[in-house]
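Asker: fold the following for me, if possible:
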Amino acid sequence: MRRHYTLIFCMLSILILIGFSLIVTSPALAVSEAAVLFLKTSPSVQANAMGETYGNIASTSPMAVIMNPASLGMFAQKNFMGYSYYPEKAEWHPAYGFGPTFDASCTIIGMNLNTYWDLPISIGLARYETIYDLGTQTIVTEDSPEPIGKLESWEKGTGTAVSVAIDYHVRLSLGFARKSIESKLSFDVVDIDAYDFGLVLECPLMELFENSKMIQKIISSQISPYVDPGFFYSKTNIGDKIQYFEFDPPDPLPRTVSVGINLKTGFRYEGENGSFPLLGFNWAREAEDLLIDVNADNNYSREYTSGLHDIDFIKNVLLCKGNGKIVTKRGYELDFLGCYFKRSGYYEDIQGRVVFETGGWGVNYTQPLKILATVLDLDNKFVRLLSRISFEKHVAEYMPHYGHPLYDTDFESYVIRLQNFPLDDIF
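Answerer: Next up is the predicted model:
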């Protein structure tokens, strides 16, 4: 009977979340073309290697919160803290030999209340920053061929995110972020505030059916399968228009809605001293739409739109079919013992003529220590503490055709995570 209630709860949760994404509305405002488009640049290297999909990395990539603040709650369920950064700025348009650079970093603090008070609630707080550096331009005038000065141009987004997640049969996280956007394309700095919100849902099917006799007959007591389908939704860059000059019409922010599904599956080792993945396969599909519409009957004015706009959940998300209005993404990941990750993906923006494959990999340098501590059941507090620390390197590459502006664009980041544990287990 309890299992029936669990399935009903799961189905209702999915229906509520899909309905929520359909009825969210925003006021319609006349706008010109979107500005500060750097806000659409994907910062997570793990996601970039998988076609910029975010469904599979919510609980492992701190930078996922920049694109969907609900990722923060999922991260806090498993980690006390996380920090991710680029060791070197990513070069934009490297095929040209010059151009802007992109940099990002994120810090997260999380707490899983279930560890101490048997409350299935996790709370997270994050602070992040993205910078799009356009370089230094030399200033000249018509009267004098000699340079009279230099102008540094850049755009920056700094945000704070909060999120709450519930782990009761299914895992549900809701997140909110407020960001400050600064743009310096002339002598003055123009700034504006905006906010994001999102949700993430995961349904651990094997845990729901943990009493199934069929599963118990096939799998040993220490090796168990996991099948975790998920749904994620985000709406970002919600705010007023940005105006650079007093007498020019203001431009809108790149308000964007994203909807996706994902699946995590594989086998994990379950020991008395912890668990770790043996072999995993992760898959995700995502559709993205810029919430700006052109009104041909009103001198081609541009307006903010609401809801999912042009996204068709069946065609664009489930079937991952793109068109001139929707950006589609899909990604894959193979997980070997949680030590090495092989990733690939595909990004398709037909209207913008940006279509390319992606690839990359990741290494968790401290995972072998955790595996030894788990399998050998080491009773050393110092070893157990070290096994909770993850130090990872991730690499991603965009692979469009030769001559494309994004040809040979790559990313590299490091991630440090301190996994959740009872304090008396160490101290």
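
Asker: may I see the buried residues of the helix or strand encompassing S122?
Answerer: Applying DSSP states H and E as the criterion places S122 in strand 121-139. Residues 121-126, 128-134 are the ones in strand 121-139 that count as buried (16 or more other C-beta atoms under 10 Å). Heads up, the C-betas are built off the backbone N, CA and C, glycines and all.

Asker: and what of stretch 74-93?
Answerer: Using 16+ other C-beta under 10 Å as the test for burial, stretch 74-93 gives 74-77, 79-82, 84-86, 90-93.

Asker: now stretch 274-287
Answerer: By 16+ other C-beta under 10 Å, the buried positions in stretch 274-287 come out as 274-278, 280, 282-287.

Asker: for this structure, give me the ranges with low pLDDT.
Answerer: Per-residue confidence for the chain (pLDDT under 70) gives these ranges: 1-33, 95-98, 138-150, 210-221, 273, 294-303, 378-380, 422-427.

Asker: just to revisit the earlier point, how about a markdown table for the buried residues of strand 121-139, with distance to V363 added?
Answerer: Listed next are the buried residues of strand 121-139 as a markdown table, based on distance: C-beta to C-beta, whole Å:
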| residue | distance to V363 |
| --- | --- |
| I121 | 33 |
| S122 | 27 |
| I123 | 30 |
| G124 | 25 |
| L125 | 28 |
| A126 | 24 |
| Y128 | 23 |
| E129 | 25 |
| T130 | 24 |
| I131 | 26 |
| Y132 | 28 |
| D133 | 28 |
| L134 | 33 |
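
Asker: strands paired with the host helix or strand of G266, and their directions?
Answerer: Counting by DSSP H and E, the element that carries G266 is strand 256-271. Strand pairing for strand 256-271, using DSSP bridges, gives strand 223-238 (antiparallel), strand 274-290 (antiparallel).

Asker: quick one: closest of those strands to L308.
Answerer: Proximity to L308 (C-beta to C-beta) singles out strand 274-290 among the strands paired with strand 256-271, at 7.1 Å.

Asker: now the closest one, how far from the chain's geometric center?
Answerer: Distance of strand 274-290 from the chain centroid (C-alpha atoms, centre = their mean, to the nearest Å) equals 11 Å.

Asker: convert it to CSV, retaining C-alpha atoms only.
Answerer: These are the backbone C-alpha positions of strand 274-290, laid out as CSV (Å, rounded to 0.1, in the frame of the first residue of the first chain):
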residue,chain,number,x,y,z
GLY,A,274,29.6,4.2,2.1
SER,A,275,28.9,3.8,-1.6
PHE,A,276,30.3,4.6,-4.9
PRO,A,277,29.3,4.2,-8.6
LEU,A,278,30.7,1.2,-10.5
LEU,A,279,29.5,2.1,-14.0
GLY,A,280,27.0,4.8,-14.9
PHE,A,281,25.4,6.1,-18.1
ASN,A,282,23.8,9.6,-18.0
TRP,A,283,21.6,11.1,-20.8
ALA,A,284,19.9,14.4,-21.2
ARG,A,285,17.8,16.4,-23.6
GLU,A,286,17.0,20.1,-23.3
ALA,A,287,15.1,22.8,-25.3
GLU,A,288,15.7,26.5,-24.9
ASP,A,289,13.8,29.5,-26.1
LEU,A,290,14.5,33.2,-26.0
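
Asker: picking up where we left off before, of all the strands paired with strand 256-271, which one is nearest G324?
Answerer: strand 274-290 (11.4 Å).

Asker: how far away is the residue most central in space within the chain from S44?
Answerer: In the chain, the centroid-proximal residue (C-alpha atoms, centre = their mean) is A64; its distance is 2.8 Å. Remark: distance between A64 and S44 (C-beta to C-beta, to the nearest Å) = 5 Å.

Asker: please apply the same query to G280.
Answerer: 18 Å.

Asker: now swap in F391 and tell me
Answerer: As judged by C-beta to C-beta, F391 and S44 stand 17 Å apart.

Asker: the more surrounded of these two?
Answerer: Comparing F391 with S44 by other C-beta atoms under 10 Å, the one with more neighbours is S44, at 29 against 13.

Asker: mind checking the end-to-end distance for stretch 330-348?
Answerer: 9 Å (C-alpha to C-alpha, to the nearest Å).

Asker: in that stretch, what's buried?
Answerer: Within stretch 330-348, the residues that count as buried by 16+ other C-beta under 10 Å are 330-333, 335, 337-339, 341, 343-348.

Asker: the regular element (helix or strand) spanning L174 pairs with which strands?
Answerer: For L174, the element it lies in under DSSP H and E is strand 170-184. Using DSSP bridges, the strands paired with strand 170-184 are strand 149-168 (antiparallel), strand 190-202 (antiparallel).

Asker: could I get the buried residue list for that strand?
Answerer: Using 16+ other C-beta under 10 Å as the test for burial, strand 170-184 gives 170-177, 179, 181, 183-184.

Asker: please state the offset of stretch 62-71 from the chain centre?
Answerer: 5 Å.

Asker: C-alpha coordinates for that stretch, PDB please?
Answerer: Provided in PDB are the C-alpha atoms of stretch 62-71 (Å, rounded to 0.1, in the frame of the first residue of the first chain):
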ATOM      1  CA  PRO A  62      28.700  24.200  -8.600                       C
ATOM      2  CA  MET A  63      28.400  26.200 -11.800                       C
ATOM      3  CA  ALA A  64      25.100  24.600 -12.700                       C
ATOM      4  CA  VAL A  65      23.400  27.000 -10.300                       C
ATOM      5  CA  ILE A  66      24.300  29.900 -12.700                       C
ATOM      6  CA  MET A  67      21.900  28.500 -15.300                       C
ATOM      7  CA  ASN A  68      19.400  26.900 -12.900                       C
ATOM      8  CA  PRO A  69      19.300  28.000  -9.300                       C
ATOM      9  CA  ALA A  70      17.400  24.800  -8.300                       C
ATOM     10  CA  SER A  71      20.600  22.900  -9.000                       C
END
